[in-house]
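Colleague: Structure for the following, please:
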Amino acid sequence: MIQFQLDIKMAVLQQTNEIVLNSKDLSFTDDSFSITKKAKSGELTAWNFNGFKVEKELEKVTIHTDKLTEGDTIYLKIKYSARILDILGGLYISSYKDFSGKTKLMAMTQMEPTDARRMVPCFDEPAFKATWDVSVEHPLETIALSNGMETGTIPTSDGWQLTTFKQTPKMSSYLLAIVVGDLSKTETTNSNGVLVRVWARHETVEDTRYALEAGAKVLAQYDEYFGIKFPLEKMDMVACPDFSAGAMENWGLVTYRETDLLYNANTFGMSEKQRVATVVAHELAHQWFGNLVTMEWWDDLWLNEGFATLVEYDGTDIISDKNYHMEEEFVRDAMDVAFNADALPTSQPCSFKIDKSLEVSEAFNPISYDKGGSVLRMIRYVLTPTVFQEGLKIYLSKHAYGNAAASDLWAALQIAADNNKIMGPRNSPLNVHHFASQWTTQMGFPVVIAKRINGSFVEFSQKRYKSTYGTQERLKYRNPEFRFKWDIPLTITRGAGDVLEKFWVDRDNSLVLPIPDNEFFVMNIDSYGFYRTHYEDEGWKKIGVALAENPKRFSTRTRARMISDAFAMAHIGKLKYGDLFDLLKEYIKKEDDTLPLNMFNSEYNLIVSYQSSEPTGVDLNTFKRNLLRPQYEVVDKSQLITNFADDSLFWDNFKANTVIREMCLAKDPACVADEFKNYQV
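Modeller: Presented below is the predicted three-dimensional model:
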C-alpha cells in the first residue's frame, strides 16, 4: 500500500453540508479527514467532520460536514492509502530486466480518461481545473518526475528521498503525471529557452537522441504557430516499458510506449523513425490544444484528438524538413482510415453525447482521431491556412487555462472568416458553425456523383456513401438534424488540369456546370474534401485514358484520391471490377510516385485477401506483378541498403521498399529468391 496526503483548497459557491469527490479503490478511515474553514472575514476555524460515505459503483466519496456558506473557503486535508496497480491505469508499476538480467521496477501514471481518481480523490472531470503541487517520496537509487520542474530533493528515512516540484498551471486532473524509476536522460534547451529532456532505461538512453532533437524543434515551432509560448520551463518525455496507449500528453511530462519514442538507426527502419516523429509531434500539439485549452466534457474529445492528428502531420514535416512528405501521407493514412471506418453502420459522429465518464473509452477511435483531423483539414482549406491560424490564435487566447466546446472554436474561426470575407455555399458568407456541424454531429460522409445531362452540361449531386447499404446504423444516430446531407466544397480541374475551380454542392440542391462532352474533368483536387467521388457514364474511362497518357498532369494526392475512390465505387457495385482494372492496367505501369503506388497496393491487397484461397487469387497476383514490374526493375537496391537512414531519400526509399514488398507478396519468383538470399544468415 502507498500512503498519500492530499490538501485541497476549495471555494464554496453555494450552501452545502457535503463535499463530493471522485474516488476509486482508495482506502479511508474516520481519521483520514480534517477540515478548516476560512470565512469571508478571513477568520480560520476548525470545521466539524461528520463522517464519510464511499459509493463504489459511482466512484465517489462524500464527506459530510457542518453547513458551509457561499463565499467560504475550505481547506480539506485527506490522509489515505491505495494499492499500486498493475493494470496500466492510475498509478501502476512496471518491471523489466536490465542487460545484466536484474529485474528493475518503474512506477508511472496513466490518468486519461478517468483514472486520476485511482490515485487521488479529486474532481475528476475535464472542466474542474486546478493547480497541483506535487511531492514524491521515492528510493535513493531512483529519480522522480512530475508535471512541474523539480525544485529540490532531500533525504528522508533510510534509503528514501523526497522530491518536490513546482506548481503546475491550472489543468484538468487527467493530465496529472508522476514517473519514478532508475532512468537516464538526454537533454537540450530549445531555441525558445525551454529545457527538453528525454528519459529512458540506462540501456536505451542513446536511442532517445532523435526524439530529443524532434521534440525540441517542433515545440519551438508550435510556439510560433499558436502565438502562445509553451508555459512550462521544461518538457520531459519518458519511454515506458509497459504502456497501454502509444503516448499520453500529460502537461510537461509526456509518457510514451518505448517503440514510439526510441530510435536506433542500426536496428530500426525508416518507418519506425517516422513513427517517432509523428507521435512526438502529436503529443506536443496537445500541450496547447487539449492542455492549455481543454474540452468541457468528453463529448468533444474528437476536437482534442482530431486537432492533434491534423497538426501531427504539419509537425512531422517541421521535424523532417518535409522529407517525410506528410501532406501526402495524410491522404493515405488518416483520411483513408477515416473513410473506411465512417462508411460502416457501426460508425458514430465525431461529437456524440456521453452521459457518463465510464462511456468515454468509446470515443477513442478512428472517428475522433482520423475523421476529426480530416474534417478540420477540410475546414482549414475552405478558410485558407492563414485564416484558420488566425482563428486558432483567437480561440487559444480567449480560453487559455480554461475549457471550451467545439462551438467556441467555430466562433473564433467565424471571427477570422468574417475579417477575411470568406464565402460559403449559396453565395453567402461562410457560417462556420453551420458548415462544421454538418460534418461533426452526424455520422458518415457523402460521395459526389458527376452525371452528364447532355453534351454540354454535367450535374453534380450527393449521396451518403455506405459500404453496406442494407444495414442500418445504431438507432440513436439514425435521424440526424442534417438528414445525412452536407454542404460540400467541390474542387475540379478540366483537361490539362492546370486551372483549379471551386464550387459548392449545397445540401439541398445539385450543381450544374457547363462542361463540353469532349472535355474530361476530375474532382476533389489534392484530396482536401472529406468526400468520395464517382463519375457516371464514360467519366471513369476518360480518367483512365488521361492517367495512362500522362499521370503527371494530376498531383500525387489527386491521383491517390482517384485510385481510392475508384476502388470504393467498385466495392459497392457502382463501378465494375473489370472496368476498374481496365482503368489501372496501363496507368499503374507508368506511376512512379510513392503515394499513388501505396494507395493502389493497399486497395488492391484487400481484393487479393478476399480471393487468396480461390483460383482467381493466382490471376490477381499475376495482374499485380505485371503492373508493378516497370517500377521493380528500376529499384536501386544498393541505395536502399546503404542510404536507408538518409532522411533526404526517405520518400524514394519508401517507394522502393514498397515495390519490393508488394512484388514478393504477389509471389514474383525473382523477387522472392532475391530477398530470401539477402536475409540468409
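Colleague: switch to C-alpha atoms for all contacts and neighbour counts from now on
Modeller: Noted.
Colleague: Pull the number of nearby residues for E586.
Modeller: Number of residues near E586 (other CA atoms under 10 Å) recorded here: 17.
Colleague: Same question for T186.
Modeller: 17.
Colleague: Could you say which helix or strand holds it?
Modeller: strand 183-189 (DSSP states H and E).
Colleague: Please apply the same query to I415.
Modeller: helix 406-419.
Colleague: Just list what that helix packs against, helices and strands only.
Modeller: Counting contacts by 3 or more CA pairs under 8 Å, 6 or more residues apart in numbering; DSSP states H and E, helix 406-419 is packed against helix 385-399, helix 432-440.
Colleague: Most tightly packed of those?
Modeller: Comparing these by mean neighbour count (mean count of other CA atoms under 10 Å), helix 432-440 comes out on top with a mean of 20.
Colleague: can you tell me the helix or strand for F460?
Modeller: Going by DSSP H and E, F460 is in strand 457-464.
Colleague: Report the buried residues of the helix or strand just after that strand.
Modeller: Using DSSP H and E, the helix or strand that follows strand 457-464 in sequence is strand 488-494. Within strand 488-494, the residues that count as buried by 16 or more other CA atoms under 10 Å are I488, P489, L490, T491, I492, T493.
Colleague: Reformat the residues you listed into TSV and put distance to E112 and pLDDT next to each item.
Modeller: What follows is the buried residues of strand 488-494, written out as TSV (distance: CA to CA, whole Å; pLDDT from 0 to 100):
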residue	distance to E112	pLDDT
I488	35	98
P489	36	98
L490	38	98
T491	40	98
I492	43	97
T493	45	96
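Colleague: possible to save those residues as TSV with distance to F165?
Modeller: Listed next are the buried residues of strand 488-494 as TSV, based on distance: CA to CA, whole Å:
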residue	distance to F165
I488	50
P489	50
L490	53
T491	53
I492	56
T493	58
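Colleague: L21: which of these is nearest?
Modeller: For the buried residues of strand 488-494, the minimum distance to L21 (CA to CA) is 45.8 Å, reached by I488.
Colleague: The closest one reaches S510, doesn't it?
Modeller: No - using CA atoms under 8 Å as the test, I488 is too far from S510 to be in contact (10.6 Å).
Colleague: what's the straight distance from one end of stretch 580-597 to the other?
Modeller: In stretch 580-597, first residue to last residue: 15 Å (CA to CA, to the nearest Å).
Colleague: about what we covered before: how about the helices and strands packed on helix 406-419 in JSON lines, adding distance to D418 and mean pLDDT?
Modeller: Listed next are those as JSON lines, based on distance: least, CA to CA, whole Å; pLDDT from 0 to 100:
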{"stretch": "helix 385-399", "distance to D418": "10", "mean pLDDT": "98"}
{"stretch": "helix 432-440", "distance to D418": "10", "mean pLDDT": "98"}
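Colleague: got CSV for those helices, with distance to G544 too?
Modeller: Output for the helices and strands packed on helix 406-419, formatted as CSV (distance: least, CA to CA, whole Å):
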stretch, distance to G544
helix 385-399, 32
helix 432-440, 31
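Colleague: Tell me which of those lies nearest to S609.
Modeller: Comparing the helices and strands packed on helix 406-419 by CA to CA, helix 432-440 comes nearest, at 32.0 Å.
Colleague: re the thing from before, neighbouring strands for the strand holding T186, and are they parallel or not?
Modeller: Sheet pairing of strand 183-189 (DSSP bridges) gives strand 195-201 (antiparallel).
Colleague: after the strand it pairs with comes which helix or strand?
Modeller: Past strand 195-201, the next helix or strand by DSSP H and E is helix 209-226.
Colleague: How about residues contacting that following helix?
Modeller: Identification of contacts with helix 209-226 by CA atoms under 8 Å, 6 or more residues apart in numbering yields 186-192, 196-198, 229-230, 261-263, 276-277, 280-281, 284-285, 288, 315-316, 318-319, 389, 392-393, 396.
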